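J.: Mind folding the following:
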Amino acid sequence: MAGGLARSHRVIAVDPPGQPAACGPSSRPPRTAAELADWLDQVLDGLALNRAALIGHCYGAWLALRYALHAPQRVSRLVLLDPTDCFAPLSLLNLGEPGGIDITPWTDRVQLIDAKYAGTWELPVVGKVTAPAAVLIRPDGYVAWVGDLTHQGLPDALTIWFGPPTATQREGTFAADSNDAARQNEERSRGSHSDAPLARSRA
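T.: You can find the predicted model right below:
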């Protein structure tokens, strides 16, 4: 495709951040949607381009769409190839106890799926590993977070990829299980204003 377009257009093909050709061994690739948009701003600035037509495939389509929303004045045309993941909700796959994860502050953007998996996972290069208790899947199909029964880091991952908790939940807490939720409701009913942790381990 690039070769065909190059006959009549100036074509610049860039590797997405985090790919071996785009990220040195000591540099940290952009991780959040905002950082990715800033990275593409720097690419265009470095090429002295005020506007450009963006073409993206799969993950590149997601990145191109996010950038067009971030800086529409810099995108003259937008072409998305195989962009299914751009419009799919983020999925949280719960392989532990059903109902063991409460993501109420993000349910307007994240789909929680309770599932079961028997046996180990086999990963490229790494080989067989113990299946995690939960997996958070980004809109581009990559894994954003893998957790154990503590769910440590899950609120941060949710916030990075789909924004902060909803306004009605920002003053509340993130419950790791139904017992936590019940305790939090009891505290609120007593008028407690103490700060609670975002996540707790299941007993």
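
J.: Report the buried residues of the longest helix seen in the chain.
T.: Counting by DSSP state H, the longest helix found in the chain is helix 33-46. Under the neighbour-count criterion of 16 or more other Cβ atoms under 10 Å, helix 33-46 has 33, 36-37, 39-40, 44 buried. Where C-beta positions appear, they are placed from N, C-alpha and C, glycine not excepted.

J.: For the nearest residue to residue 81 once chain neighbours are set aside, give its distance to residue 79.
T.: Sequence neighbours aside, residue 57 is the residue nearest to residue 81 in space, at 4.1 Å (criterion: Cβ to Cβ, 6 or more residues apart in numbering). Residue 57 sits at a distance of 9 Å from residue 79 (criterion: Cβ to Cβ, to the nearest Å).

J.: Closest one of the buried residues of helix 33-46 to residue 104?
T.: Using Cβ to Cβ, residue 33 is the member of the buried residues of helix 33-46 that lies nearest residue 104, at 22.2 Å.

J.: pretty sure the closest one is touching residue 66, no?
T.: Yes - contact criterion Cβ atoms under 8 Å: residue 33 and residue 66 qualify, at 5.3 Å.

J.: For the buried residues of helix 33-46, please prepare JSON lines with the additional fields distance to residue 99 and pLDDT.
T.: Putting the buried residues of helix 33-46 into JSON lines (distance: Cβ to Cβ, whole Å; pLDDT from 0 to 100) gives the following:
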{"residue": "33", "distance to residue 99": "30", "pLDDT": "73"}
{"residue": "36", "distance to residue 99": "34", "pLDDT": "84"}
{"residue": "37", "distance to residue 99": "36", "pLDDT": "87"}
{"residue": "39", "distance to residue 99": "39", "pLDDT": "88"}
{"residue": "40", "distance to residue 99": "40", "pLDDT": "91"}
{"residue": "44", "distance to residue 99": "46", "pLDDT": "93"}
